[in-house]
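Visitor: fold the following, please.
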Amino acid sequence: MKKILATDPFDAPNNVRPKGGRKPTVAGGGDREAYRKKVGAVREYRRQYREAWQSFRRGLEATFPGGTLLMRHRYRQPCEPLDCWWRVLACCPGAKPPPTTG
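Guide: Numbering: from 1, shown residues only. Model prediction:
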């Protein structure tokens, strides 16, 4: 207990975080194609979110990508439906997406 209380809460490791390599946001389980698709999906989500955020900050109407719960609940911003189909495509090669309606 004394050691824990004596620890500086602002202390950090001295080693440098390695750059490059795999992103910890996604994992492909060793499947390069699945990993590539997942990274692409995260990149696209972040692009859509950034565009919506910039519009929101300018006071313009913005629709956030699916899964953006904070903006939907706190600020009553419209959000796209959450589409997780990319996960099925990334995990199950050869899977066919459901038919689109419209």
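
Visitor: for the residue positioned nearest the centre of the chain, helix, strand, or coil?
Guide: Among the residues of the chain, the one closest to the centroid is Val42, at 4.8 Å (C-alpha atoms, centre = their mean). Here Val42 is recorded as helix under DSSP: H, G, I helix; E, B strand; the rest coil.

Visitor: how about the helices in the protein?
Guide: For the chain, applying DSSP state H gives helices covering 2-6, 32-57, 69-74, 85-91.

Visitor: returning to what we had before: wait, doesn't the residue nearest to the centre of the chain sit right on Ala27?
Guide: No. Val42 is beyond contact range of Ala27, at 11.5 Å (criterion: C-beta atoms under 8 Å). Yep, even glycine has a C-beta here, placed from its N, CA and C like the rest.

Visitor: how far away is the residue nearest to the centre of the chain from Ala52?
Guide: Val42 sits 16 Å away from Ala52, taking C-beta to C-beta, to the nearest Å as the criterion.

Visitor: go on, Leu5?
Guide: Remark: distance between Leu5 and Ala52 (C-beta to C-beta) = 45 Å.

Visitor: repeat for Arg43
Guide: Per C-beta to C-beta, Arg43 is found 15 Å from Ala52.

Visitor: more crowded one of the two?
Guide: Higher neighbour count among Arg43 and Ala52: Ala52, with 22 against 12, using other C-beta atoms under 10 Å.

Visitor: and the pLDDT for the more buried one?
Guide: Note on Ala52: pLDDT of 95.

Visitor: now do the contacts for it.
Guide: The contact partners of Ala52, by C-beta atoms under 8 Å, 6 or more residues apart in numbering, come to Ala62, Thr63, Phe64, Pro65, Thr68, Met71, Gln77.

Visitor: which residue sits farthest out from the middle of this protein?
Guide: Ranked by distance from the centre of the chain (C-alpha atoms, centre = their mean), the top residue is Lys2, with 39.4 Å.
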